[in-house]
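Asker: Next come a sequence and a model predicted from it.
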Amino acid sequence: MSNAANQKRLPLAGLRTLLRLAEGRGQMMAREAVVLAREETERGEIALRRRAGVDGQSIYEIIFNGVFLMASTNAPSARQLACLALKPLAGREGLRILIGGLGMGYTLQAALEHSAVARVEVVEVEPLIVEWASAFFGPLNGDALADKRVQVVVGDLARYLETATGPYDAILLDIDNGPTWLVLEGNAALYGRVALERMQALLTADGVLAVWAAERAPGFLAELERTFTWADEVIVGERDDEGRETGYFIYCAGK
């Protein structure tokens, strides 16, 4: 009798288990993130990764100093940042918007979808983010940077605010991970009283400030209430590519 004949057969159930494990391992390998770009800047290392979602679609992720900043699956909350800011301005025309932080361009795209928006200034400190927004994210954000109403400024928002003249009908802030979850401690000043008062001064009489946050920030909401006429917190639900629910926060305040 041959050696092959002497070998024990694996039970069918065990074979199915092995096949499922092999299939799962193959899916995990296929979904491993691939680094598309990485660069060391004066603020730290910034990287762009791509992986396959459970549906096979590409998911982009921006990582800064090893900390997750955003993914292309975060479109709903990024878009709502613009929608919630512009809602109180319904009926107005010729709106001028300032966006702090370009991200993947979803907030900009949502703002441009409002025909009343005449001009959008986008201030982004990382040149690579601006480059990626066109080179990689253009199909996702509708090539928003190509819109003639858009002016992109590569620079520090805090410094930009010092010399900006405005007035803006809305200021949208999506810097770092919000007021309380900071990758760069230097960004904390943007959420402090001095910066908030400066942004309020740059708004039109009925202008709106909207701020994206990865987690609830009651202290920041209290600061908004002290500085502005009204302030509100809105929770925006999202699902990741595996269907898991999560929530982000948008803080709106009116002059």
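Answerer: Perfect, I can see it now.
Asker: sec struct for the residue lying closest to residue 168 once chain neighbours are set aside, please.
Answerer: The shortest distance from residue 168 to any non-neighbouring residue, by C-beta to C-beta, 6 or more residues apart in numbering, is to residue 98 (4.7 Å). (Glycine included, C-beta is placed from N, CA and C.) Of the three states, residue 98 takes strand according to DSSP: H, G, I helix; E, B strand; the rest coil.
Asker: just checking, residue 98 touches residue 203?
Answerer: No - assessed by C-beta atoms under 8 Å, residue 98 is found out of contact with residue 203, at 9.3 Å.
Asker: These two: which is more packed in?
Answerer: Shown here are residue 98 and residue 203; by other C-beta atoms under 10 Å, residue 98 has more neighbours (27 against 21).
Asker: ok, which stretches of this protein are strands?
Answerer: Along the chain, counting by DSSP state E, strands occupy 34-41, 44-52, 58-64, 67-71, 95-100, 117-124, 150-154, 168-173, 203-213, 230-239, 245-254.
Asker: Out of those, the one nearest residue 132 is which?
Answerer: Set against residue 132 and scored by C-beta to C-beta, those come closest in strand 44-52, at 5.7 Å.
Asker: okay, now the domains of this protein?
Answerer: According to automatic domain parsing, the chain comprises the domains 3-71, 72-254.
Asker: How about the contacts made by the residue nearest to residue 168?
Answerer: Neighbouring residues of residue 98 by C-beta atoms under 8 Å, 6 or more residues apart in numbering: 120, 121, 123, 164, 166, 168, 170, 171, 172, 202.
Asker: Where does confidence bottom out across these?
Answerer: Lowest pLDDT within these is found at residue 166 (90).
Asker: Against residue 249, how distant is the closest residue to that one other than its chain neighbours?
Answerer: In space, and not counting its chain neighbours, residue 166 is closest to residue 202: 3.8 Å by C-beta to C-beta, 6+ apart. Distance, residue 202 to residue 249, using C-beta to C-beta, to the nearest Å: 23 Å.
Asker: ok, those two, which is more surrounded?
Answerer: residue 249 (21 against 18).
Asker: Low-confidence ranges, the protein, go.
Answerer: The chain contains residues with pLDDT under 70 at 1-31, 240-243.
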